[in-house]
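Visitor: only the shape, not the letters, is given here:
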């Protein structure tokens, strides 16, 4: 899609769907492969009026839209996850739910169900665009995930016991994804902090944060509207992190 955008051959709301992936590109230059028919792999082109410094926030916003669409899938097939909330209206971490792990992974029961990658670029005419790449595990068995996966993974099949058509899931996911993006635009990019507070799986919990070659440990206090994580270190200092790898620990 990136090449088509730079040629001027791709308009906003265009969707590219892949049946399989041999050399997918993830965060920090990582690569992955998805066998044919096993996952839903697509990219959506979004046109944005937000300033460049707010573009990193689209990872969390897009993840929330995809999560809502997946919840609609599960409800449609009477396979709904229990999306409980505590007295403060925040997700109850003791119950199964689709949550966001900063910066843009979707997790269920501590396992990765989906990942997103957002890329900001400018079209030949000057229009600011975001390519939102989404990969959802749909039909995999546990034994079909690579043994060297950094984190445990799951799939819709493993969660529900049902084989779902990956491409058919688009009719559930695209509307909620586009709606989330439109709401972010309407709010002038001021939704990210609230969205992560509602769906984030690690707010106010101890985490390890890999930032380049440095490993930081602290409390993830919040994610701001620019999409940056605010980590409270053991000595009381606040570290603002714009890119890194996060893991919760006990």
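Guide: Looks like it arrived, so ask away. Predicted model, so just to flag it, every value in this text is computed and none were measured.
Visitor: counting by contacts, list what the longest helix along the chain packs against.
Guide: Counting residues, the longest helix in the chain under DSSP state H turns out to be helix 58-76. Helix 58-76 sits against strand 98-101, strand 105-108, strand 111-122, strand 128-137, helix 156-160, helix 170-186, helix 192-199, with contacts defined as 3 or more CB pairs under 8 Å, 6 or more residues apart in numbering; DSSP states H and E. In short, each C-beta sits where N, CA and C put it, glycine included.
Visitor: need the next SSE after the last one, C-terminal direction.
Guide: Put plainly, it is helix 192-199. Using DSSP states H and E, the next helix or strand after helix 192-199 towards the C-terminus is strand 206-211.
Visitor: that following strand pairs with which strands?
Guide: Strand 206-211 sits in its sheet next to strand 214-223 (antiparallel), strand 245-248 (antiparallel), going by DSSP bridges.
Visitor: export these to JSON lines and tack on distance to residue 47?
Guide: Shown next, in JSON lines, are the strands paired with strand 206-211 (distance: least, CB to CB, whole Å):
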{"stretch": "strand 214-223", "distance to residue 47": "24"}
{"stretch": "strand 245-248", "distance to residue 47": "29"}
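Visitor: would you turn these into JSON lines with distance to residue 64, mean pLDDT and mean neighbour count?
Guide: Formatted as JSON lines, those follow (distance: least, CB to CB, whole Å; pLDDT from 0 to 100; neighbours: other CB atoms under 10 Å):
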{"stretch": "strand 214-223", "distance to residue 64": "12", "mean pLDDT": "93", "mean neighbour count": "16"}
{"stretch": "strand 245-248", "distance to residue 64": "17", "mean pLDDT": "81", "mean neighbour count": "17"}
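Visitor: quick one: which of these is nearest residue 7?
Guide: Residue 7 lies closest, by CB to CB, to one member of the strands paired with strand 206-211: strand 245-248, at 33.5 Å.
Visitor: quick one: contacts of that closest one?
Guide: Contact with strand 245-248 is made by 28, 101-103, 151, 201-202, 205-210, 220, 229, as judged by CB atoms under 8 Å, 6 or more residues apart in numbering.
Visitor: switch to 6 Å and redo it
Guide: By CB atoms under 6 Å, 6 or more residues apart in numbering, the surrounding residues in contact with strand 245-248 are 102, 202, 205, 207, 208, 209, 210.
Visitor: out of the residues you listed, which end up buried?
Guide: Applying 16 or more other CB atoms under 10 Å to the contacts of strand 245-248, the neighbour count classes 102, 202, 207, 209 as buried.
Visitor: the first one touches residue 229, doesn't it?
Guide: Yes: here residue 102 reaches residue 229: they are 5.3 Å apart, a contact under CB atoms under 6 Å.
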